[in-house]
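Peer 1: Next input, structure requested:
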Amino acid sequence: MGQNLHRHFISKLHHAVDGNAQLAALRECSRLALSNPVLLKEYHEVLLLFCAYPGNKKVRELAKEELNRLGQAIKKHLYNNRWQHVLSGSGLPFTELRCQYSLEMVSWLLEKFPGQVKPAEAGATATAVRQTFQSLLPGIEFERSTHGDLNLWNRIKSLSGHYFNVPSLKWLLQLIQQQQWPVLLRDQLYDNLNIFISWSLTGNSWNRSFLHWPVNNVYCQAIKKRKVNSSLIIHQPVKPSLPLTEQEKQELIGTMRASLAFYYRETDPFTYADTAALEMFELGQGLQVALTGMRKERRLSLESYVGFMAFKNGVPVSYGGGWLFGHRCKIGVNIYPPFRGAESAWLFCQVMRLYYQRYNVHRFVVKPYQFGKGNPEGLKSGAFWFYYKLGFRPVNEKIKKAAEAEWKKITAGDSYRTSQKILKRFTASNKEWIVERKLAADPLAGELSSKISLMIQQEFQGDRGRAILTCTRKMKISLGIKSMPQLSNEEISVWQNWALLWSILPGHYTWNSRQRKYWLQLFWLKTRGSERDFILAWQQYKDLWCAET
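Peer 2: Got it, this is the predicted structure:
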């Protein structure tokens, strides 16, 4: 291995589309020395792409061998400051991640990876630390909880004897989790401490190079963008979910959490995943997609947030989620960087296919951020037209007509390109794809929420406590409820939300017995049933759709 890996060879890999070209370029690279950590990172991304989208099985096998060689090269430079600096945060084997994760995520990391995770730093001021411990500790401990301007780790040392180590972090997590507070309040208190943890990755499967979900068969294909027919794809029947044992579900949740964490990311459906709601679907051509809802105490008040992660030949390639309410789904899809040049449109359509058939979605909505609002990369890439080609149109009629005029110019064939100024103007509106027009549009969750706030302001002069007390009492009387089972704190919160929502629904005082019974059933589904059952049941509740929006 006299010659070193050079960017010229990596460029060859990028231009290798079919299996034979990929294999020839890979074999050439496999004979080169790995002496430059910057080029090693670039090479790594192409190897991941070839593992997910191999032209043939030999390509995948050699790509995996090369990933092992990269791991060993990094291990040899474990104490090389330059290598570790360049590779820090890459998620590669034998490197370090330093990131601020949630309370739940840090607890999971400490349990899952003992000896690899430790506190790195904390950004909270001495004043913020003092106020935090005043809230956490019994008032009688005022001397040590408030005396002096101590930083977080010194404050913990004075209270627990542990200083800036794993026991000190575990002690803090336990103290916060012992509080009888709403989960969101505990989360916020922890987040305000700005704690960064250090995660030392090893050469096992828990790194970006080797993290995968086991598959029995490998689908081989050329890497190229393809035209898709979104309407045709989403109507292709989806097979029942794959059987998963309880252990496999836990492993899948761990895989999805780690996949995001390697990219310094975290989403609620994976962090607070409900194992009972976790499903894995085989969608063909080597694509598997996992769907997961959140544990009951973490569910949203109106919408149902269902996350997904897509695996191509077992490699995590994409993640995102859908916010479902009625037949509407606000959807967000993120393709991991190594795979963005492959088949993004086809992958997005497959995700929508699953949501369409699993949750009876009639219209999909994308928020402006997805195509450029506060997102320079989205503007530069022309993401607006990516969604437009799939059938998404601006909700705002004025912008919709302007987009139609721009599209005519683009398709006229004279190399016209929409300016970023115009694309930025288009981000003033959501885009939606109406798959079916069987029924009137559902009310928007945000508009219902605003109506509730306005009702509290106008009828109760902004007094939330009085509004909740009055609305829950009136709803209970109207529904004919004489007694209720014992409710948890989380269920009481949902019951109160339910009463506020009930109070703005038109004609709720004239509901018949069937409607009253159904409203109560919806509450129990939201609090104790499955998220999917709630979504489908809510769609049947036509009375809500009559709400003026």
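Peer 1: So in the chain, which helix runs the longest?
Peer 2: helix 57-76 (DSSP state H).
Peer 1: Contacts made by that helix with the rest, please.
Peer 2: Outside of helix 57-76, the residues within contact range by C-beta atoms under 8 Å, 6 or more residues apart in numbering are 19, 22-23, 26-27, 29-30, 34, 37, 40, 43-44, 47-48, 50-51, 54, 83, 87, 92-95, 203, 207, 209-210, 218, 220, 313. In this view, the C-beta of every residue, glycine as well, is placed from N, C-alpha and C.
Peer 1: what is the orientation angle of the longest strand seen in the chain with helix 57-76?
Peer 2: Counting by DSSP state E, the longest strand found in the chain is strand 315-325. For strand 315-325 against helix 57-76, the angle by axes from the mean of the first three to the mean of the last three C-alpha atoms, to 10 degrees is 100 degrees.
Peer 1: And the helices in the stretch 101-250 of the chain?
Peer 2: Assigned by DSSP state H, counting those that start in this stretch, the stretch 101-250 of the chain shows helices spanning 103-112, 126-136, 142-146, 152-160, 166-177, 183-191, 230-234, 246-261.
Peer 1: Just put these in JSON lines and tack on mean pLDDT.
Peer 2: Output for the helices of the stretch 101-250 of the chain, formatted as JSON lines (pLDDT from 0 to 100):
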{"stretch": "helix 103-112", "mean pLDDT": "98"}
{"stretch": "helix 126-136", "mean pLDDT": "95"}
{"stretch": "helix 142-146", "mean pLDDT": "90"}
{"stretch": "helix 152-160", "mean pLDDT": "94"}
{"stretch": "helix 166-177", "mean pLDDT": "97"}
{"stretch": "helix 183-191", "mean pLDDT": "95"}
{"stretch": "helix 230-234", "mean pLDDT": "96"}
{"stretch": "helix 246-261", "mean pLDDT": "98"}
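Peer 1: Which one, of the ones you listed, ends up nearest to E343?
Peer 2: Of all those, it is helix 230-234 that lies closest to E343, at 11.7 Å by C-beta to C-beta.
Peer 1: ok so, going back, can you list the helices of the stretch 101-250 of the chain in TSV and add distance to L78 and mean neighbour count?
Peer 2: Converted to TSV, the helices of the stretch 101-250 of the chain look like this (distance: least, C-beta to C-beta, whole Å; neighbours: other C-beta atoms under 10 Å):
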stretch	distance to L78	mean neighbour count
helix 103-112	21	18
helix 126-136	34	16
helix 142-146	40	14
helix 152-160	27	20
helix 166-177	21	18
helix 183-191	32	15
helix 230-234	46	17
helix 246-261	21	19
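Peer 1: Distance to G391 added to those, as JSON lines?
Peer 2: Below are the helices of the stretch 101-250 of the chain laid out as JSON lines (distance: least, C-beta to C-beta, whole Å):
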{"stretch": "helix 103-112", "distance to G391": "36"}
{"stretch": "helix 126-136", "distance to G391": "48"}
{"stretch": "helix 142-146", "distance to G391": "58"}
{"stretch": "helix 152-160", "distance to G391": "51"}
{"stretch": "helix 166-177", "distance to G391": "46"}
{"stretch": "helix 183-191", "distance to G391": "36"}
{"stretch": "helix 230-234", "distance to G391": "5"}
{"stretch": "helix 246-261", "distance to G391": "28"}
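Peer 1: how about R532, what does it touch?
Peer 2: 277, 293, 358-359.
Peer 1: Need the pLDDT of it.
Peer 2: At R532, the predicted lDDT confidence score is 95.
Peer 1: hang on, it in a strand?
Peer 2: No. Read with DSSP: H, G, I helix; E, B strand; the rest coil, R532 is helix and lies in no strand.
Peer 1: And it, how far from Y43?
Peer 2: Per C-beta to C-beta, to the nearest Å, R532 is found 42 Å from Y43.
Peer 1: what do you get for M280?
Peer 2: Distance from M280 to Y43, by C-beta to C-beta: 31 Å.
Peer 1: which of the two has more neighbours?
Peer 2: Y43 (22 against 19; other C-beta atoms under 10 Å).
Peer 1: Would you map the strands across this protein?
Peer 2: 96-99, 117-122, 195-200, 279-284, 287-292, 304-312, 315-325, 328-335, 363-366, 393-394, 431-434.
Peer 1: would JSON lines of those with mean pLDDT and distance to E491 be doable?
Peer 2: Converted to JSON lines, those look like this (pLDDT from 0 to 100; distance: least, C-beta to C-beta, whole Å):
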{"stretch": "strand 96-99", "mean pLDDT": "96", "distance to E491": "34"}
{"stretch": "strand 117-122", "mean pLDDT": "96", "distance to E491": "34"}
{"stretch": "strand 195-200", "mean pLDDT": "97", "distance to E491": "31"}
{"stretch": "strand 279-284", "mean pLDDT": "98", "distance to E491": "25"}
{"stretch": "strand 287-292", "mean pLDDT": "98", "distance to E491": "22"}
{"stretch": "strand 304-312", "mean pLDDT": "98", "distance to E491": "17"}
{"stretch": "strand 315-325", "mean pLDDT": "97", "distance to E491": "20"}
{"stretch": "strand 328-335", "mean pLDDT": "95", "distance to E491": "26"}
{"stretch": "strand 363-366", "mean pLDDT": "96", "distance to E491": "30"}
{"stretch": "strand 393-394", "mean pLDDT": "96", "distance to E491": "40"}
{"stretch": "strand 431-434", "mean pLDDT": "96", "distance to E491": "33"}
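Peer 1: Show me the one of those that comes nearest A273.
Peer 2: Short answer: strand 287-292, nearest of the strands of the chain by C-beta to C-beta, at 4.6 Å.
Peer 1: what angle do that closest one and strand 315-325 make?
Peer 2: Using the same axes, to 10 degrees, strand 287-292 lies at 40 degrees relative to strand 315-325.
Peer 1: any low-confidence regions in the stretch 351-500 of the chain?
Peer 2: Residue ranges of the stretch 351-500 of the chain with pLDDT under 70: 439-441.
Peer 1: how about the helices in it?
Peer 2: 376-381, 383-389, 397-410, 420-426, 445-460, 464-479, 489-504.
Peer 1: right, and the ones you listed - which one's nearest S158?
Peer 2: Per C-beta to C-beta, nearest to S158 of these: helix 489-504, 32.1 Å.
Peer 1: Run through the neighbouring helices and strands of that closest one.
Peer 2: Packing partners of helix 489-504 (3 or more C-beta pairs under 8 Å, 6 or more residues apart in numbering; DSSP states H and E): helix 445-460, helix 464-479, helix 513-528.
Peer 1: how about these in JSON lines, adding mean neighbour count and distance to S381?
Peer 2: Listed next are these as JSON lines, based on neighbours: other C-beta atoms under 10 Å; distance: least, C-beta to C-beta, whole Å:
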{"stretch": "helix 445-460", "mean neighbour count": "15", "distance to S381": "27"}
{"stretch": "helix 464-479", "mean neighbour count": "16", "distance to S381": "43"}
{"stretch": "helix 513-528", "mean neighbour count": "16", "distance to S381": "38"}
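Peer 1: Cool, thanks, signing off.
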